[in-house]
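**Student:** just coords:
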């Protein structure tokens, strides 16, 4: 496997290029069709600026599957142009808060500009890594992520950080790629395959096991599309889980 830093820099560079090319792109019908296939509604997409929809590059719709309540604080890990942040912001209402975290400065800048366009007062975009979340412990009610954790080279650290920042009773709503098999070290050494959300993916059992090992309960992996429908060797899934509430026996 390639060095962790090499993979991380490749991923960062790939998404920086995507953000930098965003103003040359337009949101065509194929992009909208893809997002509807991934679980978004055409009606909600029509309420967002083209600059948001154009950069939507996940594998599912966490906001369509998550339990997000009015007043919640929601963290979106790897928030990109902000599509899931803005959709979640409507669910949490004026008393709630949605935080988008991304490691790419260009993406954060793009998302912040989108927030101004939408006059979204209850959102915030932060620069940082999902392996070291810049938030206080037990400060978040819901964690979302959309085809991002598969890009990390240290998923155990990611899950530990998620557990740390979630409040007791907090919920996970993750769309991600899950591997159909264990990839070889040679396959994992190819940054292009890692950046394509393929060889960084882990199997369903490994994914669920890592979440349970850090303390999550009621971990569930639900297949969203048939294996190989979008990318060979992986399948898109919705992963949910709960951080146990304190003193449940009392």
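**Tutor:** On my side now, so go ahead. Remember, it's a predicted structure, so these values are computed and weren't measured experimentally.
**Student:** Now the element after the longest helix along the chain, going C-ward?
**Tutor:** Ranked by number of residues, the top helix in the chain under DSSP state H is helix 4-20. Next helix or strand after helix 4-20 toward the C-terminus (DSSP states H and E): helix 29-37.
**Student:** and the next element down the chain from that following helix?
**Tutor:** helix 42-46.
**Student:** neighbouring contacts of that following helix?
**Tutor:** With contact meaning CB atoms under 8 Å, 6 or more residues apart in numbering, helix 42-46 is reached by 32, 35, 36, 53, 87. The C-beta positions use only the backbone N, C-alpha and C, and glycine is treated the same way.
**Student:** Next, find the distance separating the nearest residue to residue 160 once chain neighbours are set aside from residue 244.
**Tutor:** Once flanking residues are discounted, residue 160 sits nearest to residue 214: 5.2 Å by CB to CB, 6 or more residues apart in numbering. Counting by CB to CB, to the nearest Å, the separation of residue 214 from residue 244 is 11 Å.
**Student:** So between the two, which is more surrounded?
**Tutor:** residue 214 (17 against 14; other CB atoms under 10 Å).
**Student:** How about the contacts made by that one?
**Tutor:** 156, 159, 160, 162, 163.
**Student:** follow-up on the earlier one: buried ones among the contacts of helix 42-46?
**Tutor:** 32, 35, 53, 87 (16 or more other CB atoms under 10 Å).
**Student:** top strand in the protein by residue count?
**Tutor:** In the chain, taking DSSP state E as the definition, the longest strand is strand 166-179.
**Student:** Just the pLDDT for the residue nearest to residue 183 when sequence neighbours are not counted.
**Tutor:** Spatially, and ignoring its direct neighbours in sequence, residue 183 is nearest to residue 199 (4.6 Å; CB to CB, 6+ apart). Note on residue 199: pLDDT of 93.
**Student:** show me what contacts residue 199?
**Tutor:** 183, 187, 188, 190, 193, 233.
**Student:** The chain: strands as residue ranges?
**Tutor:** Under DSSP E, the chain gives strands at 73-77, 97-102, 123-127, 140-146, 166-179, 217-223, 234-242.
**Student:** ok, for residue 149, nearest residue in space, not its chain neighbours?
**Tutor:** According to CB to CB, 6+ apart, the nearest residue to residue 149 is residue 176 (5.2 Å).
**Student:** That neighbour against residue 152, yeah?
**Tutor:** No: here residue 176 does not reach residue 152: they are 10.3 Å apart, not a contact under CB atoms under 8 Å.
**Student:** Between these two, which is the more surrounded one?
**Tutor:** residue 176 (27 against 23).
**Student:** Residue 233 and residue 180 touch, don't they?
**Tutor:** Yes: in terms of CB under 8 Å, residue 233 counts as a neighbour of residue 180; the distance is 5.8 Å.
**Student:** Low-confidence regions, the chain specifically.
**Tutor:** 1-4, 22-28, 226-231, 247-250 (pLDDT under 70).
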